[in-house]
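quick one, structure for this:
(one chain, ligands or ions: 2)
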Amino acid sequence: MLPLLTSADIRKADEYTISHEPVASIDLMERAARAFVGWFLNHFPDKQKAIAVYCGTGNNGGDGLAIARMLHQHQYKNIYVTITRFSDKASADFTENLTRLQHTDVPFKEVNSAAEVTAENCPIIIDALLGSGLNKPLDGEYKHFVEYLNSVDATVVAIDVPTGFFAEGAIEQDAVVLKADLVITFQQPKINFLLPEASHYINCCEVVNIGLDEEFTRSLDSPYQYIEEKDIRKLLKPRKRFTNKGTYGHALIIAGEEKTMGAALLSSAGSAYAGAGLTSACIPASGLTALNSYLPELMAVIRDGNSLPDIKWDKYNSIAIGPGLGTGENALELLSEVLTNYKRPIVIDADGLNLIAINSVLFGNIPQGSILTPHMKEFDRLFGEHTSWWDRLQTARKQAEERYIYIILKNDYTITATPQGKLYFNSTSNAAMATGGMGDVLTGILASLLAQGYSSEDACLIGVYIHGKAGDELALPNRMNVVLPGKLAQQLPLTMSKLTV
Ligand SMILES: NC(=O)C1=CN([C@@H]2O[C@H](COP(=O)(O)OP(=O)(O)OC[C@H]3O[C@@H](n4cnc5c(N)ncnc54)[C@H](OP(=O)(O)O)[C@@H]3O)[C@@H](O)[C@H]2O)[C@@H](O)CC1
Ligand SMILES: [K+]
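Numbering: from 1, shown residues only. Ligands and ions are numbered 1, 2, ... in the order given. Alright, predicted model coming up:
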């Protein structure tokens, strides 16, 4: 698990490393610059191409100067440094790196206003204007200058954080930010890099390690954590000898109407392929043929007309409700029944969430430890409109704590908010998975993991990870443009077995 730190905490880790490793601050900057250059050398090997390095006068600018010097040592022939003296301040390490640069023959100039900048015609721009020290939205000279650079046709490589981009906190919709083709960031992705707003400003991000003290960063106990494969390997249990279907539980998926049987089929398939010993689908009678022909391993509990089915609650180790269920009277009655009669954690998705949004009194009946899986719109229907993903995260965290539930906020980096106040960012999945029915499969996977005896938290972390991982395994090596949910479900047994060897 990689702690994701705010800028303030990164500064603390920075200071701790400087005094405890110990390493001089200027040497830590040198290490950061070397890490950047190591990556840059491999990906921009043409040493004749002109590179413009724009440096502010803080430590981000200091990095820029050190990087310009190192690239020059690596025989990059056309490096042009511009220092923006838009304020009187300059950090000590910036000043030291300026002295070091002056001992080379790299040309540099200093400008006091955006108007002094001459037309840019380098195909590569290195952005070292401002980094994680940004403390207010850009205005004045920086704003003009960034707007100008955004109009230039060049590949922009940002050091650590693109100028004007807040590493955490709500991002304003009209924020002026230097748009980066690539960000080479130090130690960890910044929290806002993992939220959808980043897509307007950052095309691609690479993380390079600069050796900040890991024990110290863990001790900060950040609420924001990035889940890696090794974490899932610790949680996922291999199937053992001398076990039988009873060992792996019975999941009930309450989903689908006549015209939305697909959602029920995909959820149920997600449950079966994720390894529940038994999966029953509670569906309308009109869907029975579809169910039997789609996956004969599934069992049916029939909902007939307006009457509710006779559900033997004790039979099921977990229940998921919602995909394709509709928001009519019957669906509402069904959900109310479940919330009244079933006391273990359940999974609520899609129309299950929409029903709660319309009938908020139901909120109080959700069993503790239950898992809600909203996408952005469902989330806002449940908890009110939000204008930024950062605000959504804070709401998710608060609601999960107050209601003792898990909220899986679906997104590129799906986030699980827990009752303990943690926000876990998932690291798998890809754009080929952006297709209808994908969430239904996730719902089935979660119900399946609960049925198999995983805690709600482990079910969330494992479920979201394997769902994305199966999608990655199908899409990435085969360069598939789209992965269909049914295929993804079929991939799950292989994905899971790879994670348990
Ligand atoms: N973390 C690490 O471990 C390591 C970090 N390193 C590097 O340090 C970088 C952080 O450096 P940093 O703290 O000096 O901040 P930086 O981004 O250079 O800017 C500071 C200046 O900007 C100013 N300023 C702020 N907002 C502004 C605005 N809107 N418009 C105008 N001005 C604005 C602010 O002025 P003030 O408001 O205080 O007057 C201040 O003077 C980090 O991104 C990484 O590259 C590595 O070298 C080594 C290891
Ligand atoms: K920068």
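
residues touching residue 354, list them.
Each residue near residue 354 by Cβ atoms under 8 Å, 6 or more residues apart in numbering is listed here: 327, 378, 381. Placement of C-beta: from N, CA and C, glycine included.

from residue 278, how far out is it?
28 Å (Cβ to Cβ, to the nearest Å).

closest to residue 48 among the contacts of residue 354?
residue 378 (52.4 Å; Cβ to Cβ).

contacts only, for that closest one.
Contacts of residue 378 (Cβ under 8 Å, 6+ apart): 350, 353, 354, 357.

the strand or helix carrying residue 207 packs against which elements?
According to DSSP states H and E, residue 207 maps onto strand 205-208. Judged by 3 or more Cβ pairs under 8 Å, 6 or more residues apart in numbering; DSSP states H and E, strand 205-208 is in contact with helix 25-43, strand 182-186.

who's in contact with it?
If you take Cβ under 8 Å, 6+ apart as the criterion, strand 205-208 is touched by 32, 35-36, 38-39, 182-189, 193.

could you list the domains of this structure?
Domain assignment for the chain, taken from automatic domain parsing, gives 2-222, 235-498.

tell me where the stretch 151-300 of the chain has strands.
Assigned strands in the stretch 151-300 of the chain, in chain order: 155-159, 182-186, 205-208, 224-226, 250-254, 278-284, 299-303 (criterion: DSSP state E, counting those that start in this stretch).

ligand 2 is nearest to which of the ones you listed?
strand 155-159 (4.5 Å; Cβ to the ion).

contacts for stretch 293-308?
Here stretch 293-308 has contacts from 252, 265, 268-269, 272, 278-285, 288, 291-292, 309, 311, 330, 333-334, 337, using Cβ under 8 Å, 6+ apart.

what does stretch 480-496 give?
The contact list for stretch 480-496 (Cβ under 8 Å, 6+ apart) reads 236, 265-266, 269-270, 272-275, 432-433, 435-438, 440-441, 444-445, 466-467, 469-471, 473-475.

stretch 82-99 too?
For stretch 82-99, contacts defined as Cβ under 8 Å, 6+ apart pick out 25-26, 29, 52-59, 61-62, 65-66, 69, 108-113, 117, 129, 140-142, 145.

next step: those residues restricted to strands.
Applying DSSP state E to the contacts of stretch 82-99, the entries found in strands are 52, 53, 54, 55, 108, 109, 110, 111.

who are the contact partners of the spatially closest residue to residue 323 that is not a sequence neighbour?
Counting by Cβ to Cβ, 6 or more residues apart in numbering, residue 263 is the residue found nearest to residue 323 once chain neighbours are left out, at 3.7 Å. Each residue near residue 263 by Cβ under 8 Å, 6+ apart is listed here: 255, 256, 323, 324, 325, 350, 437, 440.

show me what contacts the second one?
Shown in contact with residue 256 (Cβ under 8 Å, 6+ apart): 262, 263, 264, 265, 281, 283, 284, 287, 323, 324, 325.

just put those residues in JSON lines and tack on pLDDT and distance to residue 177.
Output for these, formatted as JSON lines (pLDDT from 0 to 100; distance: Cβ to Cβ, whole Å):
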{"residue": "262", "pLDDT": "98", "distance to residue 177": "40"}
{"residue": "263", "pLDDT": "98", "distance to residue 177": "39"}
{"residue": "264", "pLDDT": "98", "distance to residue 177": "44"}
{"residue": "265", "pLDDT": "98", "distance to residue 177": "43"}
{"residue": "281", "pLDDT": "98", "distance to residue 177": "47"}
{"residue": "283", "pLDDT": "97", "distance to residue 177": "48"}
{"residue": "284", "pLDDT": "96", "distance to residue 177": "50"}
{"residue": "287", "pLDDT": "97", "distance to residue 177": "49"}
{"residue": "323", "pLDDT": "98", "distance to residue 177": "38"}
{"residue": "324", "pLDDT": "98", "distance to residue 177": "40"}
{"residue": "325", "pLDDT": "97", "distance to residue 177": "41"}
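
so of the residues you listed, which ones are in helices?
262, 263, 264, 265 (DSSP state H).

quick check, nearest of those to ligand 1?
Nearest to ligand 1, judged by Cβ to the nearest ligand atom, of the ones in helices among the contacts of residue 256 is residue 263 at 45.1 Å.

helices of the stretch 51-200 of the chain, start to end?
Ranges of helices in the stretch 51-200 of the chain, per DSSP state H, counting those that start in this stretch, are 59-73, 92-102, 140-150.

now render these as JSON lines, adding mean pLDDT and mean neighbour count.
Formatted as JSON lines, these follow (pLDDT from 0 to 100; neighbours: other Cβ atoms under 10 Å):
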{"stretch": "helix 59-73", "mean pLDDT": "98", "mean neighbour count": "25"}
{"stretch": "helix 92-102", "mean pLDDT": "98", "mean neighbour count": "17"}
{"stretch": "helix 140-150", "mean pLDDT": "96", "mean neighbour count": "18"}
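
what's the helix or strand for the residue positioned nearest the centre of the chain?
With distances taken as Cα atoms, centre = their mean, residue 413 lies nearest the centre of the chain, 2.0 Å away. Under DSSP H and E, no helix or strand contains residue 413.

need the residues of the stretch 151-300 of the chain near ligand 2, please.
158, 159, 163 (Cβ under 5 Å from the ion).

got the confidence number for residue 121?
You'll see residue 121 listed with a pLDDT of 89.

no wait, residue 290
Note for residue 290: predicted pLDDT of 97.

and it, how far from ligand 1?
According to Cβ to the nearest ligand atom, to the nearest Å, residue 290 and ligand 1 sit 55 Å apart.
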